[in-house]
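S.K.: quick check, what structure comes out for this input:
(one chain, ligands or ions: 3)
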Amino acid sequence: MKPVKVGICGLGTVGSGTFNVLTRNSESITARTGRPIIIEQVGTRRGNPTCDTSRTSVTTDIFDVARNPDIDIVVELIGGYDVAKDLILTAISNGKHVVTANKALIAEHGNEIFHAARENNVIVAYEAAVAGGIPVIKTLREGLSANDVNWLAGIINGTGNFILTEMGDKNRPFEEVLKEAQELGYAEADPTFDVEGIDACHKLTIMASIAFGMPLQFNKAFTEGISQVTPGDIQYAEELGYRIKHLGISRKTTKGVELRVHPALIPADRPMANINGVLNSVVINADAIGETMLVGPGAGAEPTASSVVADIIDIARNLETPQSMPFPLGYSSDAMQPVEVLSVDEIECAYYLRIHVNDHPGVITALSSVLGENNINISAMTQKAGREHDMHADVVILTETVRESVMKQALTKIEALQDVQSPVAHIRVEALS
Ligand SMILES: NC(=O)C1=CN([C@@H]2O[C@H](COP(=O)(O)OP(=O)(O)OC[C@H]3O[C@@H](n4cnc5c(N)ncnc54)[C@H](O)[C@@H]3O)[C@@H](O)[C@H]2O)C=CC1
Ligand SMILES: N[C@@H](CC=O)C(=O)O
Ligand code: NA
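M.R.: Ligands and ions are numbered 1, 2, ... in the order given. Predicted structure coming up:
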């Protein structure tokens, strides 16, 4: 049996996980593919103590791997944009199939990469790029291909969910938990991608493209991270019967597609509200299936390697018995529709507001008046007194559904009130239905 030869570029968290899963499970993988898969070469700047590379060719120049005539599949696990893109395009032009976990690259340059792959008749697979170990790309693109998707929503950043969970459950400070997420290998090289929602937005962009048959449009998405969520917000939300989660949401409407990433209050009894730690989850609502929910680890060495290796196995099977592979984004490029991405101003949802006020008589009336003038109904309101001798208080309000542009106008007026300290914390409320 002629082996399928793989070259792994990058031996960090995901690279080492991939090396170890491929090595450890080689027997069962061979049984599944019909051909052994061997790691022909590793491209890395330095060794990884968890990997025994003593019987593998190792180079410090990853482009050696992309050009190695013996290699069938190049696995890009270095991350980042320029070098990674160059590496993948070099591999493609050398006739190699590619597996990557790089959501930033796929979300922002995927249209070009998939075009190059098509021209060169090779496969670019990227299951690990969205929600780590959860097979969500396959689910959307293959398992649900009979459906018209109505909406999807997910917790799609493990680091962010780990931080919110630890802050809420154990009262740990943001910075300390972020540091732990970095040590555990969950965070991106630049962790602002995690905490400011950019990573989740990359993943949402990819899922929305598959769900709605539209080209990748990362730059049109709305992105807000978790860095402004305070322990107080988590506690107030809990008292109101909600949990705060960082969500990516994409919904088809008659005017276009919503594409937005932001923290949200979710009713505590919804399954998504109880996805904790590094777990990710995606709910997909579609016409034939109704609703399905996936849950699993969104980051970490071997959970992510599980998806990388599954892609390698798919390609190896295809080399053994050539068959038609799914289009990378689920639709043929001619069938992709340039669907309009809606401005966040168009969305409609309820809001949680936390307004820090001077604790003077009349301030509640003033707040209610502004909301009333804008036709915004209040569904709950509580005042959280400041500490003794502190003349400030937090007023916490839940509104009913309102258009975002109207809420923005109301917030501007509220922030202009004499007794209100700016800015007003506002978090969208999502029922996920
Ligand atoms: N860590 C995780 O849980 C997940 C990561 N990803 C993605 O997987 C990719 C890799 O992430 P990690 O393994 O976490 O990163 P990492 O930083 O642990 O590993 C990257 C490795 O690539 C090496 N590298 C970078 N540029 C290189 C170059 N030019 N030549 C040789 N080596 C080079 C680095 O030295 C490092 O060892 C990224 O695209 C990331 O977004 C995707 C899903 C989960
Ligand atoms: N940094 C990412 C890694 C997986 O995609 C995350 O925390 O989810
Ligand atoms: Na995945």
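
S.K.: could you count how many residues lie near Asn219?
M.R.: 10 (other CB atoms under 10 Å). In this view, the C-beta of every residue, glycine as well, is placed from N, C-alpha and C.

S.K.: pull the contacting residues for it.
M.R.: Contacts for Asn219 (CB atoms under 8 Å, 6 or more residues apart in numbering) come out as Glu108.

S.K.: tell me how far it lies from Pro338.
M.R.: Using CB to CB, to the nearest Å, Asn219 is found at 14 Å from Pro338.

S.K.: and the helix or strand bottoming out on mean pLDDT in the chain, what other elements does it pack with?
M.R.: Each helix and strand of the chain was given a mean pLDDT (mean pLDDT, DSSP states H and E); the minimum falls on strand 378-385 at a mean of 92. Applying 3 or more CB pairs under 8 Å, 6 or more residues apart in numbering; DSSP states H and E, one finds that strand 378-385 contacts helix 231-239, helix 363-373, strand 392-399.

S.K.: tell me how many other residues crowd Ser54.
M.R.: Using other CB under 10 Å, Ser54 has 7 other residues around it.

S.K.: and the pLDDT at it?
M.R.: pLDDT recorded at Ser54 is 96.

S.K.: hey, which of the helices and strands packed on strand 378-385 is tucked in deepest?
M.R.: strand 392-399 (a mean of 20; mean count of other CB atoms under 10 Å).

S.K.: check contacts around the residue in the stretch 301-433 of the chain that ligand 2 sits nearest to.
M.R.: Nearest to ligand 2, among the residues of the stretch 301-433 of the chain, is Thr304, at 6.5 Å (CB to the nearest ligand atom). Residues near Thr304 by CB under 8 Å, 6+ apart: 13-14, 17, 101, 128, 132-133.

S.K.: ok, for Ile78, nearest residue in space, not its chain neighbours?
M.R.: Gly10 (3.8 Å; CB to CB, 6 or more residues apart in numbering).

S.K.: near ligand 3, which residues of the stretch 201-350 of the chain show up?
M.R.: Along the stretch 201-350 of the chain, the residues adjacent to ligand 3 under the rule CB under 5 Å from the ion are Ser307.

S.K.: do a quick rundown of the helices in the stretch 201-350 of the chain.
M.R.: Secondary structure of the stretch 201-350 of the chain by DSSP state H, counting those that start in this stretch: the helices cover 231-239, 301-320.

S.K.: and the ones you listed as a markdown table, adding distance to Arg32 and mean pLDDT?
M.R.: Formatted as a markdown table, the helices of the stretch 201-350 of the chain follow (distance: least, CB to CB, whole Å; pLDDT from 0 to 100):
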| stretch | distance to Arg32 | mean pLDDT |
| --- | --- | --- |
| helix 231-239 | 44 | 96 |
| helix 301-320 | 6 | 97 |
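
S.K.: out of those, nearest to Ile414?
M.R.: helix 231-239 (16.9 Å; CB to CB).

S.K.: name the residues that touch the closest one?
M.R.: With CB under 8 Å, 6+ apart as the criterion, helix 231-239 contacts 164, 167-168, 171, 243-244, 265, 268, 352, 354, 382, 384, 394, 396, 425, 427.
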